[in-house]
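Chemist: need a 3D model of the sequence below.
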Amino acid sequence: MPSWDPDVYERYRTYRDRPALDLMVQIPPHDFNEIWDLGCGTGEHAALLSARHPGARVHGLDSSSDMLAAARRRAADVDWVLGGVEDWAPDRAPDLLFSNAALQWLPDHPTLFPRLAGGLASGGVFACQMPMAFETEHHRILRETAEEGPWASLTASARVIRPTPSLDDYYGWLAPMCGEIDLWTTTYLHALEGDDPVLEWMRGTGLRPYLDVLTDPALREAFLAAVRTGLAQAFPARDDGVTLFPFPRMFIVASRR
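Modeler: Next up is the predicted model:
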């Protein structure tokens, strides 16, 4: 998993929050007792889940100690846990698994998703949102830039974003243990402002693995300059200064039998 900078990630908080809230309102009514936010980041959604379900025991899991440090500063009744989803083994079966923009970083979804949904308590809900990043123009530019130039060998290990499986695939992986499955995709059109706004957006997410491996300052800046050039050509600013940035996302809400 890449390292994370809470301040950079929060820069576009309004845009990053909306998919999580759109997912949250689709969670069916249920008497939740045990809730986990997997990949909770700075904790805003775990805190909201705690406020919405005051009778539940809410946990926020994240692999970044910096993100959890920010989460712990919230006035929320949440159990913050440092750890990865791949090693996660709760002591009680959860009634709700919530994950916003985290599971796309992990491999082997044919195994991961049945394991997560299969660990729910009977009637429990698995609610997940993932960016469909690999297929986007900005990630194509990032990958192609990373494959060329003096940084190519160093960035090979950073190319961790994979093609997004189909909705049919996710349905098939979840159907053996889930009776109700709702899957959909949405493309959000973000109106970004400022200099190099798409590059700045990517500093909080997709660029993190590349920045981690490019430790030489001069090489890092040369790589960023090349990415910046490609993004500026693909996403030119309008006459009013706004840069339109489409971003597709996948949503899954599934109920355990």
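
Chemist: give me the pLDDT for the residue nearest to residue 37 when sequence neighbours are not counted.
Modeler: In this structure, residue 37 finds its nearest non-sequential neighbour in residue 46, 3.9 Å apart by C-beta to C-beta, 6 or more residues apart in numbering. C-beta here means a position set from N, CA and C on the backbone, and glycine is covered the same way. pLDDT recorded at residue 46 is 98.

Chemist: and residue 46, which of the three is it?
Modeler: For residue 46, the assignment made with DSSP: H, G, I helix; E, B strand; the rest coil gives helix.

Chemist: and the spatially most central residue of the chain, what does it touch?
Modeler: For the chain, the residue nearest the mean C-alpha position is residue 101 (1.6 Å; C-alpha atoms, centre = their mean). Residue 101 sits next to 16, 19, 20, 39, 129, 130, 131, 205, 249 when contact means C-beta atoms under 8 Å, 6 or more residues apart in numbering.

Chemist: one more time with 6 Å, if that's ok
Modeler: Going by C-beta atoms under 6 Å, 6 or more residues apart in numbering, residue 101 touches residue 131.

Chemist: for it, give me phi and psi.
Modeler: phi 50, psi 50 (degrees, to the nearest 10).

Chemist: from residue 204, how far off is it?
Modeler: Look at residue 101 and residue 204: by C-beta to C-beta, to the nearest Å, they are 10 Å apart.

Chemist: all helices for the chain, in order.
Modeler: 6-9, 13-24, 44-52, 65-72, 109-118, 137-146, 152-155, 167-174, 197-203, 208-213, 217-234 (DSSP state H).

Chemist: could I get the CA-only coordinates of the longest one as PDB?
Modeler: As requested, the backbone C-alpha atoms of helix 217-234 are provided in PDB (Å, rounded to 0.1, in the frame of the first residue of the first chain):
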ATOM      1  CA  PRO A 217      14.300  15.000  -5.800                       C
ATOM      2  CA  ALA A 218      15.500  15.800  -9.300                       C
ATOM      3  CA  LEU A 219      14.100  12.600 -10.800                       C
ATOM      4  CA  ARG A 220      10.800  13.100  -9.000                       C
ATOM      5  CA  GLU A 221      10.400  16.600 -10.300                       C
ATOM      6  CA  ALA A 222      11.300  15.600 -13.800                       C
ATOM      7  CA  PHE A 223       8.700  12.800 -13.700                       C
ATOM      8  CA  LEU A 224       6.000  15.200 -12.300                       C
ATOM      9  CA  ALA A 225       6.800  17.700 -15.000                       C
ATOM     10  CA  ALA A 226       6.200  15.100 -17.700                       C
ATOM     11  CA  VAL A 227       3.000  14.000 -16.100                       C
ATOM     12  CA  ARG A 228       1.900  17.600 -15.700                       C
ATOM     13  CA  THR A 229       2.500  18.200 -19.500                       C
ATOM     14  CA  GLY A 230       0.300  15.200 -20.400                       C
ATOM     15  CA  LEU A 231      -2.500  16.100 -18.100                       C
ATOM     16  CA  ALA A 232      -2.500  19.800 -19.200                       C
ATOM     17  CA  GLN A 233      -3.000  18.600 -22.800                       C
ATOM     18  CA  ALA A 234      -5.800  16.100 -21.900                       C
END
